[in-house]
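Enquirer: Here is a sequence with its predicted model. Questions after.
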Amino acid sequence: MKLLRSAAALAAVSLCVHATPTTAQTPTGLQNSQVDIAYVEPSNPDYRPIYERLQKRQVLEDLREFLAPLRLPRKVLAKIEQCGKLTRPYELGGPVTICYEYVAEISKLAPKERTPRGVSREDAIVGAFVQAVLHEMSHAIFDVLKVPVWGREDDAADKLAGFLMLQFGKEVARRTLNGAAYFFEASDRTWTGSDFSDTRGTEAQRFYNYLCMAYGGDQNTFKDFVEVEDGAGSRVVRPKGPARTDLLPARRVPWCVKEYNELRWAFNTLIMPHVDQDLLQKVRARQWLRSDDGK
Amino acid sequence: MRRIGTALALAIMCQPVHPADVSAESSPDLRNSQIVIAYIEPTKSHLRSVYERMKNRQVLEQLQQFLSPLRLPVKLPIKMLQCNQTNAYYQGGGGPAGGVHICYEYIDWYERFVPLDQTPEGFTREDALVGNFVDTLLHELGHAVFDILQIPVFGREEDAADQIAGFIMLQFGKDVARRTLTGNAHAYRTMASRREPWPRTMYSDTHGHDWQRFYNYLCIAYGGDPETFKDFIEAGLLPKARADNCGREYQQVRRAFNETMGRYIDQDLLKQVQSRQWLRPEDGK
């Protein structure tokens, strides 16, 4: 996904932009004509730099290009807008909205220095942005393609987003999933009572889900995401010493490969029939992340 | 694995049949021959009474009848047994260890766990026993069906298994829906309030938090039948922000059920099963 770039966008978010990004987006010459895009000018001047950076980085143009292989039976509008809150949940038939407030939050929570799990500030920004865009887009995809979704739709959107992050090589997977997981780790808060009535999972659940998806999808690349590696059927024993809260606890680890295989099955069964394989090859061959993204 | 629960099941599932049901009960067609049931005698003496009650109540025989519309390509064992753990779970892969396992320990634990008194909101022990037992059976069957029929599950499978259980509870009339869903919500509320707070790493579990499951069941109930469950909203049990989304959530589940499983359901047999009375007034007592 394009996103990545988007991520870059983020870069935007954070700062600066290089002069080159525009060229990166043209190599495939692709775009999904069913995806309309809009950068809505924010009224709050604080968000103006984000608005300008995202636009300059052509984040949404990248998204449209990234989605080229997907056959959508109707138009979908993807926009970036000031929402007055962090997120504006997708409504059936509605547009996909990324809020400037959320983009600002990503920047705010990104670590100043590399974390113990190895998350850089840049990857935190790139990964969280890509996650947000793909998650919101996933809701629209479920709606437009009438995908039968078992489980909570919000978790399914996280999973579709995570699955896509794993399909573009190890480097993209590493940067985006590390960042996506980090955002939920960093935004963790204590939930009580009716907080749990939210349609979304808790930040801690979403954090652990991303660690598990990454490890399940590529055990070798993500072995440092787990407290202890899967013993392939043997009982997993947690190492002695204080537990590290930034890794996937041993209790969940044995489930991750199975969960990933289920996710892949769901994707192949329910989404792949709507994907043009030739265009997919082109999209997969493109470099979506740049080394300066998130900077 | 699941959680707990089942307990009551029995109660629930009840047995024998009212005069009106006799024909359904005796119909040779109303039995799923792919479901292989077994009550395995426990070695621990304190589990013996659970074992005997389940067997006398013919809980698994009833389940075999209840599942008659489901077309399964392979045999599915459903066992009640001593597991040496408090649990109920589905084990895939076939073989002698495969199938749905309902542990006597779980039933024993749950019966002692459920509050004795009715709550101010009207939740009763009887419904909590019946509701959670039915939920446990249906939830584990959900896992089995997802596995055997290779149903694509995009969200978290544990939530999906809760959804299928909740959805089925809504397809057998208002009385069944009310008793099972209300009772199951009561079970989760009780677990939630007794197991708080969760340590952070518990959020890595494949199951949702007890409170999330509580709200999910209320939501599917209200979304599927707003009239029968509107008092949940009036009592403030289900916040309005979530309640407003429940119709959409129910429709999502209904569509998932119909599109991914509809072809495995015999509609004529389903009608027969739906016309039968599965719960009795004394269940859970």
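Expert: Cool, got the structure.

Enquirer: The helix or strand harbouring residue A:216 near chain B at all?
Expert: Assessed by DSSP states H and E, residue A:216 sits inside helix A:203-217. Yes - if you take Cβ under 8 Å from any Cβ of the partner chain as the test, helix A:203-217 does meet chain B, through A:204-205, A:208-209, A:212. Bear in mind the C-beta positions are built from the backbone N, C-alpha and C, glycine included.

Enquirer: how many neighbours does residue 36 have?
Expert: No chain was given, so I picked chain A. 14 (other Cβ atoms under 10 Å in any protein chain shown).

Enquirer: sorry, should have said chain B
Expert: Residue B:36: 14 neighbours (other Cβ under 10 Å).

Enquirer: For it, which non-adjacent residue is spatially closest?
Expert: By the measure of Cβ to Cβ, 6 or more residues apart in numbering or on different chains, the closest residue to residue B:36 outside its immediate chain neighbours is residue B:77, 4.7 Å from it.

Enquirer: pretty sure that neighbour is in a strand, no?
Expert: Yes - remark: residue B:77 belongs to a strand, assigned using DSSP: H, G, I helix; E, B strand; the rest coil.

Enquirer: residue of the stretch 51-200 of chain B with the smallest distance to chain A?
Expert: residue B:155 (1.7 Å; Cβ to the nearest Cβ).

Enquirer: ok, for that residue, nearest residue in space, not its chain neighbours?
Expert: residue A:151 (1.7 Å).

Enquirer: Quick one: residues contacting the one you found.
Expert: B:153-157, B:159-160, B:163 (Cβ atoms under 8 Å, 6 or more residues apart in numbering or on different chains).

Enquirer: how about JSON lines for those residues, with secondary structure added?
Expert: Formatted as JSON lines, those follow (three-state DSSP):
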{"residue": "B:153", "secondary structure": "coil"}
{"residue": "B:154", "secondary structure": "coil"}
{"residue": "B:155", "secondary structure": "coil"}
{"residue": "B:156", "secondary structure": "coil"}
{"residue": "B:157", "secondary structure": "helix"}
{"residue": "B:159", "secondary structure": "helix"}
{"residue": "B:160", "secondary structure": "helix"}
{"residue": "B:163", "secondary structure": "helix"}
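
Enquirer: Give me the neighbour count for the spatially closest residue to residue B:178 that is not a sequence neighbour.
Expert: Spatial nearest neighbour of residue B:178, chain neighbours left out: residue B:228 (5.9 Å); criterion: Cβ to Cβ, 6+ apart. The number of residues packed near residue B:228 is 18, by other Cβ under 10 Å.

Enquirer: one step back: for the helix holding residue A:216, enumerate the helices and strands it packs against.
Expert: helix A:153-165, helix A:169-186, helix A:256-266 (3 or more Cβ pairs under 8 Å, 6 or more residues apart in numbering or on different chains; DSSP states H and E).

Enquirer: roughly how far apart are the residue nearest to residue B:178 and residue A:247?
Expert: 45 Å (Cβ to Cβ, to the nearest Å).

Enquirer: same question, residue A:240
Expert: The gap separating residue A:240 from residue A:247 is 15 Å, by Cβ to Cβ.

Enquirer: ok, those two, which is more surrounded?
Expert: Neighbours were counted for residue A:240 and for residue A:247 using other Cβ under 10 Å; residue A:247 has more, 20 against 5.

Enquirer: Might you report the residue contacts of that one?
Expert: Counting by Cβ under 8 Å, 6+ apart, residue A:247 touches A:117, A:211, A:224-227.

Enquirer: Ok, residue B:124 next?
Expert: Contacts of residue B:124 (Cβ under 8 Å, 6+ apart): B:118, B:183, B:186, B:284.

Enquirer: Reformat those as TSV; add pLDDT and neighbour count.
Expert: Formatted as TSV, the contacts of residue B:124 follow (pLDDT from 0 to 100; neighbours: other Cβ atoms under 10 Å in any protein chain shown):
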residue	pLDDT	neighbour count
B:118	86	13
B:183	94	28
B:186	92	26
B:284	79	26
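
Enquirer: Show me where the stretch 51-200 of chain A has its strands.
Expert: A:76-81, A:96-99 (DSSP state E, counting those that start in this stretch).

Enquirer: Now do the helix or strand where residue B:230 lies: which elements does it pack against?
Expert: According to DSSP H and E, residue B:230 maps onto helix B:226-234. Counting contacts by 3+ Cβ pairs under 8 Å, 6+ apart, helix B:226-234 packs against helix B:173-194, helix B:210-224, helix B:240-261.

Enquirer: ok, and which of those has the densest surroundings?
Expert: helix B:210-224 (a mean of 25; mean count of other Cβ atoms under 10 Å in any protein chain shown).

Enquirer: can you put the residues of helix A:203-217 next to chain B in JSON lines and add distance to residue A:163 and neighbour count?
Expert: As requested, the residues of helix A:203-217 next to chain B are arranged in JSON lines below (distance: Cβ to Cβ, whole Å; neighbours: other Cβ atoms under 10 Å in any protein chain shown):
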{"residue": "A:204", "distance to residue A:163": "21", "neighbour count": "23"}
{"residue": "A:205", "distance to residue A:163": "17", "neighbour count": "22"}
{"residue": "A:208", "distance to residue A:163": "16", "neighbour count": "27"}
{"residue": "A:209", "distance to residue A:163": "12", "neighbour count": "26"}
{"residue": "A:212", "distance to residue A:163": "12", "neighbour count": "26"}
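
Enquirer: how many neighbours does residue 76 have?
Expert: Using chain A. Neighbour number of residue A:76 under other Cβ under 10 Å is 22.

Enquirer: Actually, chain B is the one I wanted.
Expert: Counted with other Cβ under 10 Å, residue B:76 comes out at 23.

Enquirer: With chain A as the reference, measure out to residue B:220.
Expert: 11 Å (Cβ to the nearest Cβ, to the nearest Å).

Enquirer: wait, doesn't that residue sit right on residue B:163?
Expert: Yes - at 6.5 Å, residue B:220 counts as touching residue B:163 under the criterion of Cβ atoms under 8 Å.

Enquirer: overlap in contacts of the two?
Expert: residue B:253.

Enquirer: re the thing from before, next, format the helices and strands packed on helix B:226-234 as TSV and append distance to residue A:134.
Expert: Shown next, in TSV, are the helices and strands packed on helix B:226-234 (distance: least, Cβ to Cβ, whole Å):
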stretch	distance to residue A:134
helix B:173-194	32
helix B:210-224	23
helix B:240-261	20
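
Enquirer: Among the ones you listed, show the one with the smallest mean pLDDT.
Expert: Note on those: helix B:173-194 shows the lowest mean pLDDT, a mean of 93.

Enquirer: Let me see the backbone angles for residue B:112.
Expert: When read as degrees, to the nearest 10, the backbone of residue B:112 gives phi -80, psi -20.

Enquirer: ok, now the one 4 residues further on?
Expert: Note on residue B:116: backbone dihedrals following degrees, to the nearest 10 are phi -80, psi -30.

Enquirer: List the contacts of it.
Expert: residue B:125.

Enquirer: try residue B:50
Expert: Listed by Cβ under 8 Å, 6+ apart, the contact set of residue B:50 reads B:42, B:104, B:107-108, B:111.

Enquirer: Ok, residue A:119 next?
Expert: A:111, A:178-179, A:181-182.

Enquirer: now residue A:174
Expert: A:123, A:221-222.

Enquirer: and residue A:284, how many neighbours?
Expert: 12.

Enquirer: of all the contacts of residue A:174, which comes closest to chain B?
Expert: The closest of those, once distances to chain B are taken by Cβ to the nearest Cβ, is residue A:222, at 14.9 Å.

Enquirer: Surely the closest one and residue A:177 touch.
Expert: Yes - the pair residue A:222 and residue A:177 passes the contact test of Cβ under 8 Å, sitting 7.4 Å apart.
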